[in-house]
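1. Sequence first, predicted coordinates after that:
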Amino acid sequence: MQKGESRWREILLSTILLGALCGMLLTIVLMEHHRGGAERAFVTEVCGSDPDSGCNAVNRSPGSKFLGLPVAWWGWLYYSTILCLLFAYFIWREALLLQLMLLLGTVAVLTDLGLFLYSILALGTVCNLCVLSYAATVLTILPTYAIIRDFRKTKETFMSYFPQNTRSSWPRLRKAALLVVSGVIVAAVSGLMYCSEPKEAPQDHGRSQQDYNALLNAAYQDFLKAYLENPKVELGNAVGGKRGPAGAILKIHEFADPLCPYCGLMGMKLKAIAEKYPADIQIIYRHFPLDNTCNKTMQKQLHAGACELSYAMQCAGAQGKFFEVHDEIFADQKGWSQKANLAALKELAVSKGANAAAFQNCFTSAAAKAAVTGDISTGIKLNVTGTPTLFVNGRRLPNVHIDFLEVFLSKLIESEKQRR
């Protein structure tokens, strides 16, 4: 083999190393972002400062986790594995190590493609930070493929490239396996430790609890200031379902889409909060399906069938079964996206106690469509551009992570009680 060919392969190996290291750095940033850590200048530069940016939207979505762990952790595990395999290859030069890298890289590229399509089709946005990690994945697989193809093209074996390795490869493979497995275990554990989110405030020391409470209060004060700076708006006539008493301290108007994944999370969270504060909170559902069948502001189709599901909830509500149907749909959004038709929805409404004939007449009526489009028109006037969007007592609620929503609403209840 010529010296130039050897140099070219070393450059390709260095490119794989660069891709793995860049990927590891990016996944550290993504894990920090996922657990709600301080926003760094790099994240703001890449994602923007908008709370509703693509990075934040993807981070809040159900797709940000797999098997209960952040997707960023799986990315960290992938890049760490590639780095360990590459390190082992530099030492023992075994063909199987490159083949494993190519296999893992192929799976990673297909996974990244699926995540990218999910963000585009399901969320209608793009996470710029994620796209950079996808590029790092490509940097790890293309050079690997090029090296393997180059060997085959020149009809060389991996061992002929390193003629000093003439003994059986099994001893080397065992050593390589030990190195790679050890490295992956260390990477997995360290990643879990880094991305883990404490479920409650630290309790070990009084000082830690005080610091936590101080930070939480400071965050709430910033939230309250932003909330009070938003002007009170006219929310129009709410025709959707209402959960909670009319005399509640907080009246929360939720503009939502029945097929929006984050709306599903928000809907269940608001239900739990309303049940915890039954006298203080009223949830008022407002239709805002991201479906161009009834929402003419949608330039492209996003959630086909969301209009029909909205009609179904509205017609169930006419018989006092709004949230019974609402909760069923939101609990299985993927399933209902495939059966958003009159027959299936009538069967659902009847199972919740609605009259079949009355439901069908309502579902096909102009009144049901007018009720949904009326909410859409109100949302457009209020500059609602995405879902869910919340208005509390006539003011738009600033963006807040769903995990802190209950804490902030409980404090807002106390603030409103003091004003009265």
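-> Nice, thanks for sending it over.

2. So what does Phe255 look like in phi/psi?
-> Dihedral pair for Phe255: phi -80, psi 120, per degrees, to the nearest 10.

3. Verify the stated contact: it with Gly386.
-> No - taking contacts as Cβ atoms under 8 Å, Phe255 lies outside contact range of Gly386: 9.0 Å. For the C-beta atoms, the positions are set from N, CA and C on the backbone; glycine is no exception.

4. higher neighbour count, these two?
-> Shown here are Phe255 and Gly386; by other Cβ atoms under 10 Å, Phe255 has more neighbours (24 against 17).

5. buried set for stretch 413-420?
-> Ile413 (16 or more other Cβ atoms under 10 Å).

6. scratch that, stretch 219-231 is what I was asking about
-> Applying 16+ other Cβ under 10 Å to stretch 219-231 flags 220, 223, 226-227 as buried.

7. And stretch 320-329, by the same measure?
-> Taking 16+ other Cβ under 10 Å as the criterion, stretch 320-329 shows 321-326, 328-329 as buried.

8. For Thr125, state which of the residues you listed is nearest.
-> Ile329 (22.8 Å; Cβ to Cβ).

9. hang on, the earlier thing: format the buried residues of stretch 219-231 as a markdown table; extra columns: pLDDT.
-> Below are those laid out as a markdown table (pLDDT from 0 to 100):
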| residue | pLDDT |
| --- | --- |
| Tyr220 | 82 |
| Phe223 | 85 |
| Ala226 | 90 |
| Tyr227 | 90 |
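
10. Tell me which of those residues fall in helices.
-> 220, 223, 226-227 (DSSP state H).

11. tell me the contacts of Lys251?
-> 282, 284, 392-393 (Cβ atoms under 8 Å, 6 or more residues apart in numbering).

12. buried sites along the helix or strand where it lies?
-> Assignment of secondary structure by DSSP states H and E places Lys251 within strand 250-256. By 16+ other Cβ under 10 Å, the buried positions in strand 250-256 come out as 250-256.

13. For my notes, please list these in TSV and give distance to Trp73 and pLDDT for each entry.
-> Output for those, formatted as TSV (distance: Cβ to Cβ, whole Å; pLDDT from 0 to 100):
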residue	distance to Trp73	pLDDT
Leu250	36	95
Lys251	39	95
Ile252	33	96
His253	36	96
Glu254	31	96
Phe255	33	95
Ala256	29	95
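
14. just these now: which is nearest Leu17?
-> The shortest approach to Leu17 among those belongs to Ala256, at 46.2 Å (Cβ to Cβ).

15. Is it correct that the closest one is in contact with Arg286?
-> Yes - counting by Cβ under 8 Å, Ala256 does reach Arg286; the two are 7.1 Å apart.

16. for this protein, where's the lowest mean pLDDT among helices and strands?
-> The helix or strand with the lowest mean pLDDT-type score in the chain, counting by mean pLDDT, DSSP states H and E, is helix 158-161 (a mean of 43).

17. next helix or strand past that one?
-> Next along from helix 158-161, by DSSP H and E: helix 170-195.

18. List the buried residues in that following helix.
-> 172, 176, 179-180, 183-184, 187-188, 191, 194-195.

19. just stretch 233-251 next, same as before
-> Those would be 235, 238-244, 248-251, for stretch 233-251 by 16+ other Cβ under 10 Å.

20. And it, how far out from the chain middle?
-> Relative to its chain's centre, stretch 233-251 lies at 29 Å (Cα atoms, centre = their mean, to the nearest Å).

21. end to end, how far does that stretch reach?
-> 13 Å (Cα to Cα, to the nearest Å).
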